[in-house]
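Asker: I need the structure of the sequence given here:
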Amino acid sequence: MRTEDWSFVQPRARPIGNLVAMVKPDRPDLPLAEWIVLALMAERPSHGFAIAALTAEGAEIGQFWYISRPMVYRSITRLVERGLITAVGAEESDRGPQRMIYATTRSAKTTVSRWLSEPVVHLFDVRAELTCKLLLLRRRDASPARLVERQRVVIDGIEESLRAKEHAGDHLARAIYAWRLEHVRAARRFLDAVDVDSARPAVTAG
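Answerer: Numbers count the residues shown, from 1 in each chain. A predicted model of the protein is given here:
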């Protein structure tokens, strides 16, 4: 079988209503670690040590997507170079030198808000990028409803593309199609669970 016959491994872009599911909008092309650091700094001015505490193993973000402290500081350097964050002060530390505090620019805050509302375009990004977006929305006390709704549209498009090919090719191709369709169903169950959980009223103590 020729390489091009394996196009089912990655569904191609196609418009779905008003949403072009596989085309990135006009925004910075950042790796996930930098998006997370930028989104956390968009909440409030902060320094690398505080961000790294959130992305450490077992921490609020780090238990799902770990970012090491060196990677956090490298991400900060790159975000400064891109003009997305800027130094606004320093904080004294009893454990070493001063900690530089950074804040996002106004346009970067808008960019982060837009990114948090965008669905992921590949199934393999549900586990990491979509999960992190949901965690970051929760930190903002923001509803995930719009993101979940848009993600369903993308998932439906991926399923439609796979359904059109699931009986084509040899036994291995059909097995891979079936495997990918299981991932589609798992993603849909995940979105259902997020929808149910976000609709529950908050429980207060007392």
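Asker: hey, let's count contacts and neighbours off CA atoms from now on
Answerer: Noted.
Asker: where does the chain have low pLDDT?
Answerer: 1-26, 197-206 (pLDDT under 70).
Asker: nearest residue to the middle of it?
Answerer: With distances taken as C-alpha atoms, centre = their mean, the chain has Glu129 as the residue nearest its mean C-alpha position (2.5 Å).
Asker: how about that one, phi and psi?
Answerer: Main-chain torsions, Glu129, degrees, to the nearest 10: phi -60, psi -50.
Asker: the helices in this protein, which residues?
Answerer: Listed in chain order, the helices of the chain (DSSP state H) span residues 32-43, 48-55, 69-81, 106-116, 131-139, 145-163, 171-199.
Asker: picking up where we left off before, show me what contacts the residue nearest to the centre of the chain?
Answerer: Leu32, Val120 (C-alpha atoms under 8 Å, 6 or more residues apart in numbering).
Asker: what do you get if the cut-off is 7 Å, keeping everything else the same?
Answerer: Residues counted as contacts of Glu129 (C-alpha atoms under 7 Å, 6 or more residues apart in numbering) are Leu32.
Asker: ranking the helices of the chain by burial, who's on top?
Answerer: Burial of the helices of the chain is given as mean neighbour count (mean count of other C-alpha atoms under 10 Å); helix 32-43 ranks first at a mean of 21.
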